[in-house]
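J.: Need coordinates for the following:
(one chain, ligands or ions: 1)
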Amino acid sequence: MAARGKVAAFRLPPLPTIGEIIKLFRLKALKQLSQNFLLDLRLTDKIVKQAGELKNAHVCEVGPGPGGITRSILSAGVEQLLLIEKDARFIPGLQMLSEAAPGKVRIVHGDILTYKMEKAFPKHLKKDWEDEPPDIHIIGNLPFSVSTPLIIKWLESVSKRDGPFTYGRTQMTLTFQKEVGERLTANPGSNQRSRLSIMAQHLCTVENCFIIPGQAFVPKPEVDVSVVHFTPLVQPKIQQPFELVEKVVRSVFQFRRKYCFRGIETLFPENGRLKRTEQLMMTANVDPTLRPFQLSMSQFRNLCNAYRKMCDEDPSLFVFNYREELRQKKMTETLLGSTGQPEQT
Ligand code: SAM
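T.: So this is what the prediction gives:
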């Protein structure tokens, strides 16, 4: 894969190494917070290069920790760098970096899952959605327990053009557990094809840039790590609301190994289920005996469009919840007992 950006457009003054910063501020990685640090600046440069040209760009780094990636971002000659770090122990080390790049760094001690990204950058950077992406980038090596819910939240924001996408098609370069990286980019027919593949690829160009072996981190995580780059698409491949696409895709993948109609059935109430499932599959022109992982993006699009049409005709359909129906059924069975008659108390 060709490297995108250049690093080393700005020279930081001599600083303690990341290893020395860790010792100096006693920044022992907390296992319960899945903290794994990158100390090798060649590797952090390689991650930052994947973001593209960062000279004079505005960047938000999520979870900077002891600041390895932060240094590479600053070396790329950015205009402004916003750091969002949840763990207060890292703030003094980040302040030291901020002093080394006067006027460039803003440090927020906060949680990226709740931080208001729609106000994070200057207004003049906003671009129309149809334009080139704005000169704004998000970069981060977060714990896996945060990066997956975060990308789901941000995919919804891409669809709604809110949060960091208030500014246009903001690009993201994030790390994931290798297997999640494979799911994000999996093609039809692949074993890794899943809900995440459809949700990500219908909204973004997703690129699995390279793998970082687990041993490159301190302490070493159990798994290898993927660096994934996202550029929101001008036109989503499925032009339906996020919630509707999510519902259809989640239902289809509910029974991964079965024919796809088995999952699609769960979109409909028991009364009329078979007939409505057949109607949906026919309108969408999808073979009901395909397995969920074999379906192409255009087949998902047809399914979502056909389901939308049915929901417009019967608005009660969209709020139908299969699990709730199952729960109610079980409760009724328990109340009636095995005789089918109410139990005497
Ligand atoms: N980026 C550093 C590196 O590559 O060496 C640290 C990586 S470590 C895997 C993840 C970092 O994200 C930690 O510094 C941790 O405190 C921070 N973090 C975890 N959850 C966070 C959240 N919800 N918001 C902001 N930062 C978070």
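J.: Give the pairing partners of the helix or strand Ile107 falls within; include direction for each.
T.: If you go by DSSP states H and E, Ile107 is part of strand 105-109. Sheet pairing for strand 105-109, assigned by DSSP bridges, gives strand 80-85 (parallel).
J.: Let's test this: mean pLDDT of the strand it pairs with, rounded?
T.: Averaged across strand 80-85, pLDDT comes to 98.
J.: Contacts for that strand, please.
T.: The contact list for strand 80-85 (CB atoms under 8 Å, 6 or more residues apart in numbering) reads 58-65, 70, 73-74, 91, 94, 101, 104-112, 115, 120-121. (Each C-beta comes from the backbone N, C-alpha and C, glycine too.)
J.: The residues you listed: which ones sit near the ligand?
T.: The overlap between the contacts of strand 80-85 and the neighbours of the ligand (CB under 6 Å from any ligand atom) comes to Val62, Gly63, Pro64, Gly65, Asp111, Ile112.
J.: Columns neighbour count and pLDDT on top of the residues you listed, output as TSV?
T.: As requested, those are exported to TSV (neighbours: other CB atoms under 10 Å; pLDDT from 0 to 100):
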residue	neighbour count	pLDDT
Val62	25	98
Gly63	24	96
Pro64	27	97
Gly65	28	95
Asp111	12	96
Ile112	22	96
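J.: Mind checking which of the residues you listed land in strands?
T.: Among these, the residues falling in strands (DSSP state E) are Val62.
J.: from the ones next to the ligand among the contacts of strand 80-85, which is closest to Phe253?
T.: Proximity of these to Phe253 (CB to CB) peaks at Ile112, which lies at 26.8 Å.
J.: Pretty sure that closest one sits against Gly63.
T.: Yes - at 7.0 Å, Ile112 and Gly63 qualify as touching, with contact defined as CB atoms under 8 Å.
J.: shared neighbours, those two?
T.: Ile84, Lys86, Gly140, Leu142, Val146.
J.: The third one: neighbouring residues, count only.
T.: By other CB atoms under 10 Å, the residues close to Gly140 number 20.
J.: quick one, strands of the protein?
T.: 37-38, 58-62, 80-85, 105-109, 136-140, 171-177, 204-212, 217-218, 225-232.
J.: Kindly reformat these as CSV containing distance to Ile21.
T.: CSV is the format used below for the strands of the chain (distance: least, CB to CB, whole Å):
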stretch, distance to Ile21
strand 37-38, 10
strand 58-62, 15
strand 80-85, 13
strand 105-109, 15
strand 136-140, 18
strand 171-177, 20
strand 204-212, 20
strand 217-218, 12
strand 225-232, 21
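J.: List the buried residues of the strand holding Ile107.
T.: Of all the residues in strand 105-109, those buried under the rule 16 or more other CB atoms under 10 Å are Val105, Ile107.
J.: What are the contacting residues of that strand?
T.: The set of residues external to strand 105-109 that reach it, using CB under 8 Å, 6+ apart, is 74, 80-86, 88, 91, 94-95, 97-98, 115.
J.: I'd like to know which of those is nearest to the ligand.
T.: Nearest to the ligand among the contacts of strand 105-109: Lys86, at 3.7 Å, using CB to the nearest ligand atom.
J.: Does the closest one touch Val62 like I think?
T.: No - counting by CB under 8 Å, Val62 is not a contact partner of Lys86; they are 9.3 Å apart.
J.: joint contacts of these two?
T.: Residues touching both Lys86 and Val62 (CB under 8 Å, 6+ apart) are Ile112.
J.: for Tyr167, what are its contacts?
T.: Tyr167 neighbours (CB under 8 Å, 6+ apart): Phe121, Leu125, Lys126, Lys127, Pro134, Ile136.
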